[in-house]
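# Whatever this is, show me its structure:
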Amino acid sequence: MFSQTRIFLSAAAIAASLNGAAAAADLTPAYNDPPAFQWSGAYVGVHGGTAFTKMPNPFADRNGFSGGVQGGYNIQTGPAVFGAELEGSYLGGARHDVEGGKIKEKWRSAAKARAGLSFDQTLVFGTAGVAVTTYGKGDGVRDTDSRKLGYLVGGGIEQAFAGGLSAKIEYDYIRTPNVETRSVLGTAKTDIGSQELKAGLNYRF
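Numbering: from 1, shown residues only. Reported below is the predicted structural model:
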């Protein structure tokens, strides 16, 4: 009888110990990986830089300092990010040589598609679209097309921070064909190649 009682008490103690360990395990918080950063969503922002016509010096006196605003929307699938962006810029009078004189870039609006790869909070992207540039007459030119449609290609890198902010650096090449000018030499049409190097800030929401 005494042996049976000791066996019963020992079994009860083991069972209680196992239940206590299981209860303690239940109270231990499970570790979950933090959610992956997402680029999906809308954003608005500002940018500033330089609009220039020739390489290698983007800060020569023939160039103009640019500034403007942008807004767009991104969709992320795995590491791939796709989006669309609208942009408007003041170009500061970047000058281009044409037959008989010069013309100046004044404003540009662009509609762009973007595609890139995300490395968590870093996005490397390419962009392409259409751009409408407003020109003004310069030295020797009597008149010019005021607005002309062209195409745009470019790329850049964007880094996201806390609070919905991100910063980017972007380079764009804009080609505008058949810009018509009139000077003492007559009427001419010139393909205008322009470049823009800019830094920007976006707020994502």
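# all contacts plus neighbour counts: C-alpha atoms, from now on.
OK.
# and residue 172, how far is that from residue 128?
Per CA to CA, to the nearest Å, residue 172 is found 9 Å from residue 128.
# Find the residues that touch each one of these two.
Contact criterion CA atoms under 8 Å, 6 or more residues apart in numbering; residues shared by residue 172 and residue 128: 152, 153, 154.
# Which residues are in contact with the last one?
What that stands for is residue 154. Residue 154 sits next to 126, 127, 128, 170, 171, 172, 173 when contact means CA under 8 Å, 6+ apart.
# Might one say that the last one is in contact with residue 198?
If I follow you right, that is residue 173. No. Because the distance of 11.8 Å does not satisfy CA atoms under 8 Å, residue 173 is recorded as not touching residue 198.
# before we move on, back to that, got a winner among the contacts of residue 154 for most neighbours?
Among the contacts of residue 154, residue 127 has the most neighbours (other CA atoms under 10 Å), with 22 neighbours.
# Contact partners for that one?
Residue 127 makes contact with 112, 113, 114, 115, 152, 153, 154, 155, according to CA under 8 Å, 6+ apart.
# Recalculate using a threshold of 6 Å.
Applying CA atoms under 6 Å, 6 or more residues apart in numbering, one finds that residue 127 lies in contact with 113, 114, 153, 154, 155.
# which one is it nearest to, not counting chain neighbours?
Leaving aside its chain neighbours, residue 127 sits nearest to residue 114 (4.5 Å; criterion: CA to CA, 6 or more residues apart in numbering).
# ok, the one you found to residue 152 distance?
For residue 114 relative to residue 152 (CA to CA), the value is 12 Å.
# now residue 176
Distance, residue 176 to residue 152, using CA to CA: 9 Å.
# how about the nearest residue to residue 201, chain neighbours excluded?
Ranked by CA to CA, 6+ apart and with sequence neighbours excluded, the top spatial neighbour of residue 201 is residue 167, at 4.6 Å.
# just checking, that neighbour touches residue 159?
Yes. Counting by CA atoms under 6 Å, residue 167 touches residue 159, with 5.4 Å between them.
# partner strands of the helix or strand residue 51 falls within, parallel or antiparallel?
If you go by DSSP states H and E, residue 51 is part of strand 41-52. Using DSSP bridges, the strands paired with strand 41-52 are strand 64-77 (antiparallel), strand 186-204 (antiparallel).
# in that strand, what's buried?
Neighbour counts over strand 41-52 (16 or more other CA atoms under 10 Å) mark 42, 43, 44, 45, 46, 47, 48, 49, 50, 51, 52 as buried.
# about what we covered before: dump the shared contacts of residue 172 and residue 128 to JSON lines, plus distance to residue 142, pLDDT and secondary structure.
Listed next are the shared contacts of residue 172 and residue 128 as JSON lines, based on distance: CA to CA, whole Å; pLDDT from 0 to 100; DSSP: H, G, I helix; E, B strand; the rest coil:
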{"residue": "152", "distance to residue 142": "28", "pLDDT": "98", "secondary structure": "strand"}
{"residue": "153", "distance to residue 142": "31", "pLDDT": "98", "secondary structure": "strand"}
{"residue": "154", "distance to residue 142": "33", "pLDDT": "97", "secondary structure": "strand"}
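# Fine by me, we can end here.
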